[in-house]
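Chemist: Next one to model:
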Amino acid sequence: MPSPPAFFDIQPQLATPIYRQVVEQVQRLVAGGQLGPGDELPSVRNVAERHAINPMTVSKAYSLLEAEGLLERRRGVGMAVAKGARASHARGDRLAMLEPAVLALARQARQLGIAPDQTIAALSRALQSIEQDDNA
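Modeler: This next block holds a predicted model:
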């Protein structure tokens, strides 16, 4: 299994609240198999300092994920992916999680008058760029 990411990709300029970004990223990382049962998450303090955000925001996200059964609190250690959390490796389930972002991209491309083949090429370049960054 690939090593879990050290930090989240927090983007304060997005309309999506920061706590929601954290929740959704953890959900995707578990569904994608990048985080598995027992894997520890960065501490609330660590995430808050790294991204210059309020610790209560991170705590809220972690608490929601705990209530969902995806995370469990470990006394003296912090939060970890719950033992009962199951990564959804079914391709359809993961693609369903991606669908809202794909639809948003398609709408934006259409509004900008960008042809479908150009949109697909731009997405392909972005995916390659991310993969190169991950391998660096």
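
Chemist: Now L71: closest residue in space, sequence neighbours ignored.
Modeler: L65 (4.3 Å; Cβ to Cβ, 6 or more residues apart in numbering). For every residue, glycine as well, the C-beta is placed using N, CA and C.

Chemist: quick one, what contacts the one you found?
Modeler: The contact partners of L65, by Cβ atoms under 8 Å, 6 or more residues apart in numbering, come to V23, V26, Q27, L71, M79.

Chemist: again, only using 7 Å
Modeler: V23, V26, L71 (Cβ atoms under 7 Å, 6 or more residues apart in numbering).

Chemist: distance of it from L41?
Modeler: Applying Cβ to Cβ, to the nearest Å, the value for L65 to L41 is 9 Å.

Chemist: So for the two, which residues contact both of them?
Modeler: L71.

Chemist: Buried residues, stretch 47-65. List them.
Modeler: 47-48, 51, 53, 57-65 (16 or more other Cβ atoms under 10 Å).

Chemist: actually stretch 112-125, not the one I wrote
Modeler: Under 16+ other Cβ under 10 Å, the buried positions of stretch 112-125 are T119.

Chemist: Could you chop the protein up by domain?
Modeler: Following automatic domain parsing, the chain resolves into domains at 18-81, 91-135.

Chemist: all strands in the protein, in order from the N-terminus.
Modeler: 71-74, 78-81 (DSSP state E).

Chemist: re earlier: just name the closest of the buried residues of stretch 47-65 to T119, please.
Modeler: Proximity of the buried residues of stretch 47-65 to T119 (Cβ to Cβ) peaks at H51, which lies at 29.8 Å.

Chemist: Would you check that A85 makes contact with P37?
Modeler: Yes - with contact defined as Cβ atoms under 7 Å, A85 and P37 form a contacting pair (5.7 Å).

Chemist: In the chain, what helix or strand scores lowest on average pLDDT?
Modeler: Lowest by mean pLDDT, DSSP states H and E among the helices and strands of the chain is helix 91-111, with a mean of 88.

Chemist: Tell me which other helices or strands it touches.
Modeler: helix 18-31, helix 116-135 (3 or more Cβ pairs under 7 Å, 6 or more residues apart in numbering; DSSP states H and E).
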